[in-house]
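> Structure here, sequence nowhere to be found:
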C-alpha cells in the first residue's frame, strides 16, 4: 500500500495510489460522475422531465449578444388571427396581435393555445397543446399529430407556455450504474438561482429545488446507443417559501445538498440524477419569467458496501 505523503521520486507508490483512487470504492471510484458550471444560463422549459435541452445561454455569438429566445417559465402572447389549409391538415399559422422584437419560439418548442373562439359547433376547437414548427416576429406555425378540417377563426386567444407547478430540469446531472443490492449512491448538489416574477396578489408561494432520479432503459431506435429514462422519483428536496406583494421584481435563492444517500436495495441498473426547479403557485397569483442559474453542480458516486 502506498504511504502518505508520497515522495516525489516514488513512482511505484504514486502509481499504486492513483490506481487505488480510480478503482474505488474507498477512493473516488471509477463510477463517479458529475457536472459543474458557473457561467449564467437560463432554465429552458423543455416539456419533458429529464429531457434536453435543459438550458439556454444568456448570450450568443461572437461578439456576444443577448439570447434572442424568450425562456420564460410562464409566457402568454396575444394573437388576433389563425389561418389553416382549407383541406384537412396538421399545421396552423397564428398571427401575433403586436409584432415582437424577436421570435419568441423555436422549432420543437411545446406551447399551449388558449382562449380562442372558433366558428361552428365547437367554439373551443383550437384550444390545445401543440409543437412549434417555425416562428418569426409576427407569426408562429404550430403542428399537431392529428389531421383536421379546421373551423374558421372568430376571435381572441393567446399562445405561450405554463411551466409553473412543473419540474424544470437544470443542466446539473449525472449518470451512474448500480451493480448490487448493497450499493448506495452518494449525491451532492448546489444551485444559485435568480428569477423574474410578476405578482397579482399579496401572497406566499414556494420554490422547490429537488434531486430527482430516473431509471434508464436501452433505446431500441435503430442506430441509437443511448438510453431512455423513466420512473422519475424525488430523492431529496428543499422548499423555499417566498412572500411577495403586488408588482414585479427579481428574487434569488441558494440551495445546497451535502449528504444525500440513495439506496441500498436499488435494482441493478443505469440511473440518471438531475437537479430540478419547480415554482409552485397559481398563475392568478404569481407568474415566473426568466430564471437564471449561476454557480451550480451535481455529483453522484456509487458506494459499494
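Good, I have the coordinates. All values derive from a computational prediction rather than experimental measurement.
> beta partners of residue 74?
Taking DSSP bridges as the rule, residue 74 bridges to residue 162.
> which element follows the helix or strand of the chain at the bottom of the mean pLDDT ranking toward the C-terminus?
Within the chain, no helix or strand scores below helix 11-23, which has a mean of 51 by mean pLDDT, DSSP states H and E. In the C-terminal direction, the helix or strand that comes right after helix 11-23 (DSSP states H and E) is strand 32-37.
> by contact count, what packs against that next one?
For strand 32-37, the contact count by 3 or more CB pairs under 8 Å, 6 or more residues apart in numbering; DSSP states H and E identifies strand 168-178, strand 286-303 as packing neighbours. In this view, the C-beta of every residue, glycine as well, is placed from N, C-alpha and C.
> Now with 10 Å, please.
Contacting strand 32-37 under the criterion 3 or more CB pairs under 10 Å, 6 or more residues apart in numbering; DSSP states H and E are the following elements: strand 168-178, strand 184-199, strand 269-280, strand 286-303.
> would you turn the ones you listed into a markdown table with distance to residue 254, mean pLDDT and mean neighbour count?
As requested, the helices and strands packed on strand 32-37 are arranged in a markdown table below (distance: least, CB to CB, whole Å; pLDDT from 0 to 100; neighbours: other CB atoms under 10 Å):
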| stretch | distance to residue 254 | mean pLDDT | mean neighbour count |
| --- | --- | --- | --- |
| strand 168-178 | 14 | 92 | 21 |
| strand 184-199 | 5 | 95 | 20 |
| strand 269-280 | 12 | 94 | 21 |
| strand 286-303 | 9 | 94 | 21 |
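> wait, which of the ones you listed is closest to residue 227?
When the helices and strands packed on strand 32-37 are compared by CB to CB, strand 269-280 sits nearest residue 227, at 6.0 Å.
> Would you list the strands that that closest one pairs with, along with their directions?
strand 168-178 (antiparallel), strand 203-218 (antiparallel).
> In JSON lines: the helices and strands packed on strand 32-37, plus distance to residue 217.
Shown next, in JSON lines, are these (distance: least, CB to CB, whole Å):
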{"stretch": "strand 168-178", "distance to residue 217": "13"}
{"stretch": "strand 184-199", "distance to residue 217": "18"}
{"stretch": "strand 269-280", "distance to residue 217": "8"}
{"stretch": "strand 286-303", "distance to residue 217": "19"}
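> which one of these lies closest to residue 83?
Between residue 83 and these, the shortest separation by CB to CB is 29.0 Å, and it involves strand 286-303.
> angle of the closest one against strand 184-199?
Taking axes from the mean of the first three to the mean of the last three CA atoms, to 10 degrees, one finds that strand 286-303 is oriented at 170 degrees with respect to strand 184-199.
> centre of the chain versus strand 286-303, how much separation?
Computed by CA atoms, centre = their mean, to the nearest Å, the separation of strand 286-303 from the middle of its chain amounts to 9 Å.
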